[in-house]
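**Q** Structure here, sequence nowhere to be found:
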């Protein structure tokens with residue numbers, strides 16, 4: 001019960017943080033629009049540089065809000081996955097496109113402090129549930145960003161290895177302590193401070209990769225150097241596999 005309580009508290013924090021960001025950004029947008037409306041009242045004397053600055057501010061805040069909304073949606077999808085709700089159909093999808101779309105969502109999270117390098121090999125379309133794998137990618141990328149204090153680098157690689165697609169996400173972060181390595185995939189466990197993680201991300205990611213897709217997820221880490229998570233996904237889904245058990 002104590003573990004469940006901590007997990008629920010982290011979930012509340014994880015949702016409240018992006019909601020607070022959206023509300024704060026909305027106030028700035030409203031004030032900016034009020035200024036723009038006042039400028040439009042006298043178009044002949046309207047300072048175009050200020051107008052451009054206001055538009056750019058609103059555009060930047062909209063990008064941040066998109067990240068916030070995606071984080072909320074990710075938590076909700078994660079809770080559904082945690083209770084095996086809403087399993088979708090398998091179909092062919094490009095992992096390269098899925099990762100590229102997910103990386104776009106992290107731009108506001110990483111800003112300019114983290115450099116992201118990609119090395120996508122010639123991986124064929126994979127039979128999968130793309131939205132679920134997008135959630136795995138987002139969880140791992142955000143975790144990598146949180147592990148980096150200050151400036152750093154994340155490297156994403158993809159390769160075909162036999163009948164599997166191999167995706168790796170490496171960071172130059174703090175690494176995982178030896179005493180935490182055995183608990184990383186446990187539901188409710190998080191090494192992050194309150195409000196930064198739910199303790200569900202890696203547990204859900206393992207369930208999506210291993211139980212839903214019949215793949216494998218594991219990691220390599222060195223304290224003070226960084227961590228690499230490896231994901232192996234069968235290119236063709238084994239339709240005869242048993243569904244995840246409750």
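**A** Right, received. Where do you want to start? Values in this document were obtained by computation on a predicted structure and should not be read as measured data.

**Q** What is the burial count for residue 150?
**A** When neighbours are defined as other CB atoms under 10 Å, residue 150 has 6 of them. From N, CA and C alone the C-beta is placed, and that goes for glycine too.

**Q** tally of neighbours for residue 53?
**A** 13.

**Q** can you check residue 124 too?
**A** Here the number of neighbours of residue 124 (other CB under 10 Å) works out to 11.

**Q** do the same with residue 92
**A** Residue 92 has 13 neighbours, counted by other CB under 10 Å.

**Q** who's it bridged to?
**A** residue 127 (DSSP bridges).

**Q** what's the distance between it and residue 133?
**A** Here residue 92 is placed at a distance of 13 Å from residue 133 (CB to CB, to the nearest Å).

**Q** So which residues of this structure form helices?
**A** 2-40, 48-82, 95-110, 130-147, 178-181, 201-206 (DSSP state H).

**Q** and residue 157, which of those is closest to it?
**A** Nearest of those to residue 157, taken as CB to CB: helix 95-110 at 10.0 Å.

**Q** Which elements pack onto the closest one?
**A** Contact analysis of helix 95-110 by 3 or more CB pairs under 8 Å, 6 or more residues apart in numbering; DSSP states H and E lists helix 48-82, strand 114-120, helix 130-147, strand 152-161, strand 164-171 as its packing neighbours.

**Q** closest one to residue 224 among the ones you listed?
**A** It's helix 130-147; of the helices and strands packed on helix 95-110, that one is closest to residue 224 (CB to CB) at 11.2 Å.

**Q** what's that closest one packed up against?
**A** Judged by 3+ CB pairs under 8 Å, 6+ apart, helix 130-147 is in contact with helix 48-82, strand 91-93, helix 95-110, strand 152-161, strand 164-171, helix 201-206, strand 226-234.

**Q** before we move on, back to that, wait, which of the helices and strands packed on helix 95-110 is closest to residue 182?
**A** Of these, nearest to residue 182 by CB to CB is helix 130-147, at 17.1 Å.

**Q** Just the mean pLDDT for the closest one, thanks.
**A** Average pLDDT, helix 130-147: 88.

**Q** the inter-axis angle of it versus strand 152-161?
**A** Angle, helix 130-147 to strand 152-161, by axes from the mean of the first three to the mean of the last three CA atoms, to 10 degrees: 140 degrees.

**Q** buried sites along helix 130-147?
**A** In terms of neighbour count (16 or more other CB atoms under 10 Å), helix 130-147 has its buried residues at 130, 132-147.

**Q** ok, now stretch 51-67?
**A** 54, 57, 58, 61, 64, 65, 67.

**Q** Let's see the pLDDT reported for the first one.
**A** By that I understand residue 54. So, for residue 54, pLDDT stands at 91.

**Q** That one against residue 34, yeah?
**A** No - Residue 54 lies out of contact with residue 34 (CB atoms under 8 Å); the separation is 10.0 Å.

**Q** quick check: domain ranges of the chain?
**A** 2-82, 91-234 (automatic domain parsing).

**Q** And the ones you listed, which one averages the lowest pLDDT?
**A** Mean pLDDT across the domains of the chain is lowest at domain 2-82; the value there is a mean of 80.

**Q** quick one: it to chain centroid distance?
**A** Centroid separation between domain 2-82 and its chain, computed with CA atoms, centre = their mean, to the nearest Å, is 17 Å.
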